[in-house]
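*Asks:* here is my input, please return the structure:
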Amino acid sequence: MAKFCTTPRAAGAPRWAAAKVGTIVEWVVRQEYCVSKGGCNPYQRGGTGTDFFDERSDTTRCRFLASFLATRQQLDPADEGFISGACEQRKKPVDPGDDENERFAVPDIITHEPGVRMEFYEIKPNSEDGREAARAKVETFLSLVDFLAVDRPDFKKYGKGTQFNPDRTITFYQRDYLGIVPCKASLHYRRATEPEIAEGVIVYEICVEVDGELLEAFAKAIIVSAVIAALAALAAAAIAVIFGGGVLGPAVLAFESPMGGSVGPDGDNDPQDVRYVQALVDDWRAGTGGSLIAIDGSFGEETAGALSDFQTAAGLEDTAGSLTPGDATETELESTHLNNLMAAADLSEFQPEGLGDVVFGPDPDGIDTDLEEEQDLQTAFNAFVQQYLVDLRNVV
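*Replies:* Now for the predicted structure:
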């Protein structure tokens, strides 16, 4: 069994998708955190909760943090305004390596239980950039805490978290990838082990395991397919924007062909294009119980016959065992592959009820235009799938 672990961004997921995976991880970690401490009392503005979670609320993240600190520390309105303003002013510069677009020093978890638990945690992807971003964020929040405690004798300080020490793996995607590679993808998160961030930081990654050898480029394609499947499942549960009533609506397939030329008896038959088509055909045949064809980049009678069988089964007019970039046969093959990978997602261990709304709901902080252009979800998802298919064509 071969195993490869990396972050969504390093695997090739776009920034917006990596950020949404981060939101999923925060949701899952929150559940385990609350179980580990015997229950939580989540804070909401106007309430008296003792556990702060950096999730979307009815206001911006900085104002939500300021409200929590003001309530729990019994600060006056001027202090609350100062905290919110200081948080906004300390917005960090754009960091291309920060997967989650986080530019505010707002911890993911804070618990205010004097004498029992006064600590906070930050959750970051397990990459060099992610760990550095966590270190900087922890230090920035500690400096705010130290400043507030200077002339406020009743202010109770928060420390870097040590009582919560998770190390958990959750499998959320399992299938025979392209019909030929038994694999599973899992979320893995744990407390950081690097000395400078061993307290207060939880890191995560996506791991893929397969039977046999595993090339890094192929492992990354599997991880990206798992991310697509997970986000699609949550989006379908939350909204109907990108799915036209089905698992994969036609609008999602509004992308250009990743192929360089035609495949068929009289086709260009670039070996990489042929391998791509052979892999997609095998993905379909595995789902129907059919025998698999060789993925060798050589177009012959076996590939032509299998492609013709697919065209007939799909009810296409052209059943000659050939295709051209962007035609109905290629589109149907890719649609079948995407439906297969989306069906492989199982998010039940994430306890996903309500998670889709958290991941895809409106963000009170809005779009950070310094980092990305505002675009609708369907456009973003189309581009994500487009890049995945391009990468798949290049590595299969």
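*Asks:* output the below-cut-off pLDDT ranges for the stretch 151-300 of the chain.
*Replies:* Across the stretch 151-300 of the chain, the ranges flagged by pLDDT under 70 are 239-254.
*Asks:* can you pull out the strands in it?
*Replies:* With DSSP state E, counting those that start in this stretch as the criterion, the stretch 151-300 of the chain has strands at 159-160, 167-177, 181-191, 201-210.
*Asks:* what's the closest of these to residue 137?
*Replies:* strand 201-210 (8.9 Å; Cβ to Cβ). Just so you know, the C-beta spots here come from the backbone N, C-alpha and C atoms, and that holds for glycine as well.
*Asks:* just the C-alphas of the closest one, formatted as PDB.
*Replies:* C-alpha atoms of strand 201-210 as PDB (Å, rounded to 0.1, in the frame of the first residue of the first chain):
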ATOM      1  CA  VAL A 201      -1.500  24.900  16.200                       C
ATOM      2  CA  ILE A 202      -3.400  22.000  14.500                       C
ATOM      3  CA  VAL A 203      -2.300  21.100  11.000                       C
ATOM      4  CA  TYR A 204      -4.100  19.100   8.300                       C
ATOM      5  CA  GLU A 205      -3.500  17.400   5.000                       C
ATOM      6  CA  ILE A 206      -5.200  15.100   2.500                       C
ATOM      7  CA  CYS A 207      -3.700  11.600   2.100                       C
ATOM      8  CA  VAL A 208      -4.300   9.200  -0.700                       C
ATOM      9  CA  GLU A 209      -3.600   5.500  -0.400                       C
ATOM     10  CA  VAL A 210      -3.500   3.000  -3.300                       C
END
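*Asks:* got the angle between that strand and strand 181-191?
*Replies:* Here strand 201-210 runs at an angle of 170 degrees relative to strand 181-191 (axes from the mean of the first three to the mean of the last three Cα atoms, to 10 degrees).
*Asks:* wait, which of the strands of the stretch 151-300 of the chain is closest to residue 7?
*Replies:* Set against residue 7 and scored by Cβ to Cβ, these come closest in strand 201-210, at 5.6 Å.
*Asks:* partner strands of the closest one, with direction?
*Replies:* Partner strands and pairing direction for strand 201-210 (DSSP bridges) are strand 2-6 (antiparallel), strand 117-125 (parallel), strand 181-191 (antiparallel).
*Asks:* what's the angle between that strand and strand 167-177?
*Replies:* 30 degrees.
*Asks:* what helix or strand does residue 75 sit in?
*Replies:* According to DSSP states H and E, residue 75 maps onto no helix or strand at all.
*Asks:* quick check: it vs residue 148, distance?
*Replies:* 8 Å (Cβ to Cβ, to the nearest Å).
*Asks:* which residues do the two both contact?
*Replies:* 69, 83 (Cβ atoms under 8 Å, 6 or more residues apart in numbering).
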